[in-house]
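Q: Got a predicted structure here, sequence first:
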Amino acid sequence: MLSSELRTKYLKFFESKGHLIHPSDSLVPDDASLLYTSAGMVQFKPYFVGDRVPPASRIVTSQKCMRTDDIDEVGDAVHHTFFEMLGNFSFGDYFKREAITWAWEFLTKVLEINPDHLWTSVYLDDDEAYDVWVKEVGFPEERIVRLGEDKNYWPADAPSKGPNGPCGPCNEIFLDVNPELGRPEDPPWSIAHDSNRFVEIWNLVFQQFDRQEDGTMKPLPTKNIDTGMGLERTIAILNGASTNYETDLFMPIIQRVEALSGAKYGSDDDVNRSMRVIADHIRSAVFTIADGVMPSNVGRGYVLRRLIRNAVVKGRKLGLNKSFLEPIVPIVVEIMGDVYHEIAERQAYVEKVIGSEEEKFRRTLESGLQRLEDQIQIAAASAEKKLDGDIAFTLYDTYGFPLELTRELAVENGVEVDVDGFEAAMEEQRKRAKESSEFSTALFGGGSTAILELEKTIEPTNFIGYEESASNATVAAIIKGQELVSSAKEGDEVEVVLDTTPFYAESGGQVGDTGTITSDNGAALEVVDTIKASHFFFHKTKVQAGSISVGDEVQGAVDYKRRRAIARNHTATHLLHAALHEVLGEHALQAGSVVEPNRLRFDFSHFQAVTADELRRIENRVNELILEDVQANVTITDIDEARKLGATALFGEKYGSQVRVVKMGDVSMELCGGTHLRHTSQVGLFKVTSESSVGAGLRRIEAVTGEAAVRYVNDLEDQIRKTADALGSSVPETVAAVERMVQAAHDAQKEVDTLKARGAAEQAGDLANSATEINGVKYVTTTLPTVDVPTLQKLADSVADKLRSGVVVLAGVSDGKVLFVSKVTPDLVPRGFHAGNMLREVAKVAGGGGGGKPEFAQAGGKDASKVGDALAKAVEIISAQAG
């Protein structure tokens, strides 16, 4: 059976049982406390804890997930970082009976698994589940095992001491993959601990209690179902594969690695493990990048960077010493792109990010090798001949060196690695990672009671703002603080929910509308912002006059001039996106935006600064599209049809079954819920105000349009006119006048430098004549009233030249700043004199640091009052080395 068949069978089976097939959520969850979506139920957290009303009481999904807790185990038979979780969910609808009987039906009737090979475990006192298995399924009692809280309670902890919130017993279903071995003598032990023979394929969680802070178990008002079946594990079992990697999900990737490396899968355990790691990590990298994550040194980006680097290190073990990950991306897309469209739509971008990151790491790896060799030499010279565990961990954590590689190179030089120290550092990092992403806390957080009440009592807000900027409406709800109230009076600041509204709520980077809400009875409210939560538009208001009550008939009016300015900027972002593709390439994908009345900000993927010429071409192209008066057309269609049309979906955005497609001629077609102009000519003028970096592989353009663009150009003209006046020239001659002034300043600086050099040469002679000698080694140490690096360097060189043989240490002090420069003549280096090592110790005395090469070094200091002590330290070091 193919993995696609299993996925489809599962979804269609539960659809036939009244479940809504719900799309997979992004790997980047809406919960800031979670790095990645780690389970199928994560996106349903608001439904489980009662914060939101679900779109259906029965849902089925195939959710893409990421877990890195066991990243070091990846490469064995069963562990993965990226995986798919098949799950069916019930929110207060069905419970144990349906969950169990449908699971049995799917396994034995749809998948046609031999029922004699199935086992199940239930919680110790869960007689209800036990009875369903025995009395309704007809399952043999001898293959039902009762297990404790460590195995059959979720979250996995004792009911009295686990994390607070919804929890309950779970029911695991196992497949005996070696039934020919006969009945085990000790069933509970075997099914719980012999995971090689009894493989868990499905976990049914029965959420029925709410654990309180004191440990008591309060029954939930509704009982829920949360199940999980790992696609990778299940398809491997169904096909009799010895590992999860020997299926259609992984083997095409492994075969590509074989072709690139010349190594053969199955020939060697190390080869097998390396290829599995590469296959796993490339899948993770493709999906996380497609969901908008970029490699970095923090958070999600750090996890992604570590996965890519680990794959590169494993590739080196296979002889892959040149970039190889980018050519594997198309294989991942070929396997899964028809199900997860985002990886196909962003394939070129994903390839570029992975290729760039691999090249960057290979350069880092070379510097890491040099550092490792330096540390091994230091360890080899020590009495213990042991490489410190913290150093080994730093090499692992920063450069991606696995411990085994460090140990191999160390052994070649007769050095032992402190493995215990490495493990201690690793454990400390794991603790920090666990603290930064506490799953149970994220799952069971609280929510807004007011919103939940609204979902139960009123209809979603009817938004008519695409067609209208003013409308009549009825006040559906008023919220003050976090509480629903019936009315608000003058001076109150409240959030008002209308049954119908023309106000656009902040979304997709576009700010919310402002305006007024008034009534015939004299109420006047200023709308300062509009936001959306759940299915409702909340108008943040201040009551300026009169009072307002739930049920009142009112008139809502958007600040049309402000809305129009916002629409100019939003339409311009679409034109800018199109221009970026034309000028920079298809990889320049939107990665975020802000659309306000006075400006727009647009983040996009690109791997180097945009040149001045490219920026001018981009700006010109946008203005060309404005002048062409391209018509903007909006259509509503389903997501699949929109993809067929070629509409661009944006990073981080979640789309429903019906989407809004904004098309501007033949140059732009995007899924967008924002407000737009009808013709591009209405933008007026587009002017870029800045271009900058906002992170690895991400650039940002800020721009203005319409009246704001005219004001910006006027300001520039005013500045140019003032500059011309200051230079005593006309505006057309401003550049020439500046060039003349710069040349004059340059000539003056050359004259200053000449005078400085002449003075330094004279001073060098005086300093050399004042040199002190100890055991045949001359040295000069002195303080100078300058921190100009070139001046100090030239002076140190001149003094050393005049000494012919000796050591020079100069301390520059000015305005509280300290700079040390040291020079050692070449003949003294073989005797052990080292400018860098000496200056490192000298600078420490003055609270600074630095270093350099044996013959020359420079360092900074923080405490000018310690300069004398620092130079005394230099004399001490020189004396010791000369003695």
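A: Great, that's in hand. Numbering: from 1, shown residues only.

Q: When you work out contacts or count neighbours from here on, use the C-alpha atoms and nothing else.
A: OK.

Q: shaky segments in the stretch 1-150 of the chain?
A: Low-confidence segments of the stretch 1-150 of the chain (pLDDT under 70): 32-33.

Q: Which residue ranges of it form strands?
A: 20-21, 58-66, 82-91, 118-123, 144-147 (DSSP state E, counting those that start in this stretch).

Q: pLDDT at residue 605, what is it?
A: pLDDT, residue 605: 88.

Q: and if you look at residue 399?
A: So residue 399 comes in at 69 (pLDDT).

Q: ok, which stretches of the stretch 1-150 of the chain are helices?
A: 3-15, 45-48, 96-105, 127-131, 149-152 (DSSP state H, counting those that start in this stretch).

Q: same check, this time on the stretch 501-650 of the chain
A: 560-584, 612-627, 639-645.

Q: contacts for the first one?
A: If you take C-alpha atoms under 8 Å, 6 or more residues apart in numbering as the criterion, helix 560-584 is touched by 469, 510, 513-514, 586-590, 595-600, 602, 614, 617-619, 621-622, 625, 667-668, 670, 674-677, 680, 682-683, 686, 704-706.

Q: again, but for stretch 227-246
A: Contacts for stretch 227-246 (C-alpha under 8 Å, 6+ apart): 1-3, 6-7, 40, 76-78, 83-89, 177, 201-205, 247, 249, 251, 276.

Q: For residue 382, see how far away residue 418 is.
A: 14 Å (C-alpha to C-alpha, to the nearest Å).

Q: more crowded one of those two?
A: Neighbours per residue, other C-alpha atoms under 10 Å: of residue 418 and residue 382, the larger number sits with residue 418, 17 against 12.

Q: Test my guess that that one contacts residue 388.
A: Yes: with contacts counted by C-alpha atoms under 8 Å, residue 418 reaches residue 388, the gap being 5.4 Å.

Q: Return the residues in contact with residue 689.
A: 701-704.

Q: Got the confidence number for the closest residue to residue 176 other than its chain neighbours?
A: Leaving aside its sequence neighbours, residue 176 sits nearest to residue 198 (C-alpha to C-alpha, 6 or more residues apart in numbering; 4.7 Å). Per-residue pLDDT puts residue 198 at 88.

Q: What is the burial count for residue 198?
A: 22.

Q: Residue 833 touches residue 839, doesn't it?
A: No: if you go by C-alpha under 8 Å, residue 833 and residue 839 don't touch, sitting 11.0 Å apart.

Q: Between the two, tell me which one has more neighbours.
A: residue 839 (29 against 22).

Q: Assumed that one was part of a helix.
A: Yes: the assignment for residue 839 is a helix, going by DSSP: H, G, I helix; E, B strand; the rest coil.

Q: Next, the nearest residue to it once chain neighbours are set aside: secondary structure please.
A: Take residue 839 and drop its neighbours on the chain: the residue closest to it by C-alpha to C-alpha, 6+ apart is residue 851, 5.8 Å away. Reducing the assignment at residue 851 to three states with three-state DSSP gives strand.

Q: surely residue 851 meets residue 857?
A: Yes: the pair formed by residue 851 and residue 857 meets the contact definition of C-alpha under 8 Å, at 5.4 Å.

Q: intersection of neighbour lists for these two?
A: Joint contacts of residue 851 and residue 857 (C-alpha under 8 Å, 6+ apart) are 835-836, 839.

Q: which residues of the stretch 751-883 of the chain score low on pLDDT?
A: Using pLDDT under 70, the stretch 751-883 of the chain drops low at 753, 756-757, 759-761.

Q: how about the strands of it, start to end?
A: 772-774, 777-784, 807-814, 817-824, 849-852, 856-861.

Q: ok, residue 787 touching residue 810?
A: No: contact between residue 787 and residue 810 fails when scored by C-alpha under 8 Å: they sit 10.2 Å apart.

Q: count of residues packed around the nearest residue to residue 822 once chain neighbours are set aside?
A: Leaving aside its chain neighbours, residue 822 sits nearest to residue 809 (4.5 Å; criterion: C-alpha to C-alpha, 6+ apart). Neighbourhood size, residue 809 [other C-alpha under 10 Å]: 25.

Q: returning to what we had before: hey, which of the helices of the stretch 501-650 of the chain is tucked in deepest?
A: Of all these, helix 560-584 carries the top mean neighbour count, a mean of 22, counting by mean count of other C-alpha atoms under 10 Å.
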